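Q: With the input below, show me the fold.
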Amino acid sequence: MQHSILDRIYIAFLAILIVSFGVLIVFTSFMTRRSLVSEKTGTLSNEADLIASQTILGYLSGRYSQEDLKVLFKYYSNALNADVWYVDEYGRVVATSHVMETDESGKVLEKQKEVAIPVNIYQLDPDYRIDAVHTSTGSFYNLYSSDVISVNVPVHLDILDANQQVKRSDPHGAIILLATASQINEQLRNIFSIVLIPCLVIIVIAFIFLAVVSRKVLTPVKRLSQVANEYSKGNLEERTDIHSSDEIGQLAESMEYMADELAKLEDYRRDFVSNISHDFRSPLTSIKGYIEAMKDGTIPPEKQERYLDIVLNETQRLTKLTQGLLELNKLESYGPYLKLSEFDIIDVIKSTLNTFEIKGIERQVAIYLNNHAENTVVTADKTKIQQVIYNLIDNALKFTPDGKRIFVTVTETDDKLQVSVRDEGMGMDEEMQKKIFIRFYKGDPSRGKDKTGTGLGLAITKEIIKAHNESITVTSKVGEGTEFVFTLSKAKKM
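A: Coordinates of the predicted model:
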């Protein structure tokens, strides 16, 4: 049977309570019993001193007989609810609060209260100490069927000199008091009966509190589980409707964000398939059409060379698209293999600008280089950074109207160089800026003015900059142009 989280919490909480209260009860029982026994022992010791002074000294002086001691012991036994024994210095049991019958040799014939009084204390324990104060708890050498508290208090007779000063103190046996522990057990039961009810009330309140808190926590958890199940089925529009600011709320927010990203990924997948299908289908259709036209004679032989050039251009376009895809997949899967070196970024920018000179003249687009940095030597992969600069300038030319300008600007901070490529083109809205680095995405809805574009240049650019552990950003405003800025680390001075 599968248990829910709530069931497990209840079971764990119950186990903790049982163990905690069990340990508490055992500890409390031990300490309370020890305290009660200590208190009872102290009381019995005081009473033993009192009995010794009021009875034994009289017996030793001859004022009381052995029978008188038994009567007095019976009185004290009833008053103290304890058995009273007097043992002389030789260990003989002289008198007890029990009524004993003996034969001619003095052997006890009767057992009273199931206690067989020995003739001599050493019959019970040859090592029994009469001359020392000591206490014990137990059955007192198996004489009693239940636990008793025993107290041994020595009796001494003071011998006075002529000046009534204590000359010596002679031992004359001991008083033994044996009190049943039933009173202590009864007291313990009373204490626990008082403590048990509050404990049960505390447990009930704790479970009610646990139920309220658990349901408050587990209800959103169950909701998260339901939503996660919907996400697994592809229903990414489902929402948790949890708006708390705690960890559960943060988890819910993260799940919804993940769902949104997965939805975007699904849209991107569809767009990817659509774009790549379009970019491959168009040149393949042109190639197929021109070849069929030349084969069936629609295109005369004297004009075939012109159309073969068109077919060649289309195949080159397909080759470029395929190479771009392979390079981008390689970059995303393994990262680019970087050959780091130190070089002057200005030299790379100038050589790249030279490749666009003729195209700029044809379009009447002026490209300016502005250098505001003193140290322009960087540590990077020279070939790949040149590819980045080429892609950014090429992209700027595609979307810059004839007669406008492009600015390439280099600035510096403490340890970084910033390279900016800004155009005066059509610009982009915020939504386009979010998608500009996605493969196959083209800012121009008509698929771009440059039909040879693959839509992979900016995606490759971002992966190269990312591999250098640098950043690239885009800032744009519709009708005012676009600016791309990427950073590079300066070469360390020796």
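Q: what sits against the nearest residue to L262 once chain neighbours are set aside?
A: Nearest non-adjacent residue to L262, counting by Cβ to Cβ, 6 or more residues apart in numbering: L236, 5.6 Å away. Bear in mind the C-beta positions are built from the backbone N, C-alpha and C, glycine included. Shown in contact with L236 (Cβ atoms under 8 Å, 6 or more residues apart in numbering): 259-260, 262-263, 266.
Q: Spell out the secondary structure type for L236.
A: What DSSP: H, G, I helix; E, B strand; the rest coil gives for L236 is coil.
Q: Point out the least confident one among the contacts of L236.
A: Within the contacts of L236, E266 has the lowest pLDDT, namely 66.
Q: Could you identify the buried members of the contacts of L236?
A: Among those, those buried by neighbour count (16 or more other Cβ atoms under 10 Å) are A259.
Q: What separation do you get for K492 and E261?
A: Computed as Cβ to Cβ, to the nearest Å, the K492 to E261 distance reads 38 Å.
Q: Comparing these two, which residue is more hemmed in?
A: Using other Cβ atoms under 10 Å as the criterion, K492 and E261 rank with E261 on top: 12 against 9.
Q: how near is that one to M255?
A: Separation of E261 from M255 (Cβ to Cβ): 11 Å.
Q: so A48 sits right up against S150, yeah?
A: No - the criterion here is Cβ atoms under 8 Å, and A48 misses it with S150 at 10.6 Å.
Q: who's in contact with the helix or strand harbouring I361?
A: Per DSSP states H and E, I361 falls inside helix 357-363. If you take Cβ under 8 Å, 6+ apart as the criterion, helix 357-363 is touched by 365-367, 397, 400, 402, 406.
Q: How about it, which residues are buried there?
A: Neighbour counts over helix 357-363 (16+ other Cβ under 10 Å) mark G360 as buried.
Q: and that helix, how far from the chain's centre?
A: The chain centroid and the centroid of helix 357-363 are separated by 63 Å under Cα atoms, centre = their mean, to the nearest Å.
Q: which ones among the contacts of helix 357-363 are found in helices?
A: L397 (DSSP state H).
Q: what two of the contacts of helix 357-363 are the furthest from one another?
A: Taking Cβ to Cβ, the two most distant members of the contacts of helix 357-363 are I367 and D402; they sit 13.4 Å apart.
Q: so K40 is in which element?
A: helix 5-51.
Q: same deal with L417?
A: Per DSSP H and E, L417 falls inside strand 416-423.
Q: So what are the sheet partners of that strand and their directions?
A: Strand 416-423 has its sheet partners listed here by DSSP bridges as strand 405-412 (antiparallel), strand 481-489 (antiparallel).
Q: okay if I get those strands as CSV plus mean neighbour count and distance to I242?
A: CSV is the format used below for these (neighbours: other Cβ atoms under 10 Å; distance: least, Cβ to Cβ, whole Å):
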stretch, mean neighbour count, distance to I242
strand 405-412, 18, 46
strand 481-489, 20, 39
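Q: between those, which one is nearest to L196?
A: Across the strands paired with strand 416-423, closest to L196 is strand 481-489 (Cβ to Cβ), at 72.6 Å.
Q: and the closest one, how far out from the chain's middle?
A: Computed by Cα atoms, centre = their mean, the separation of strand 481-489 from the middle of its chain amounts to 42 Å.
Q: What residues sit buried inside the longest strand along the chain?
A: Taking DSSP state E as the criterion, the chain has its longest strand at strand 166-180. By 16+ other Cβ under 10 Å, the buried positions in strand 166-180 come out as 172-179.
Q: Quick one: the strands in the stretch 251-400 of the chain, in order.
A: Assigned by DSSP state E, counting those that start in this stretch, the stretch 251-400 of the chain shows strands spanning 340-344, 366-371, 377-381.
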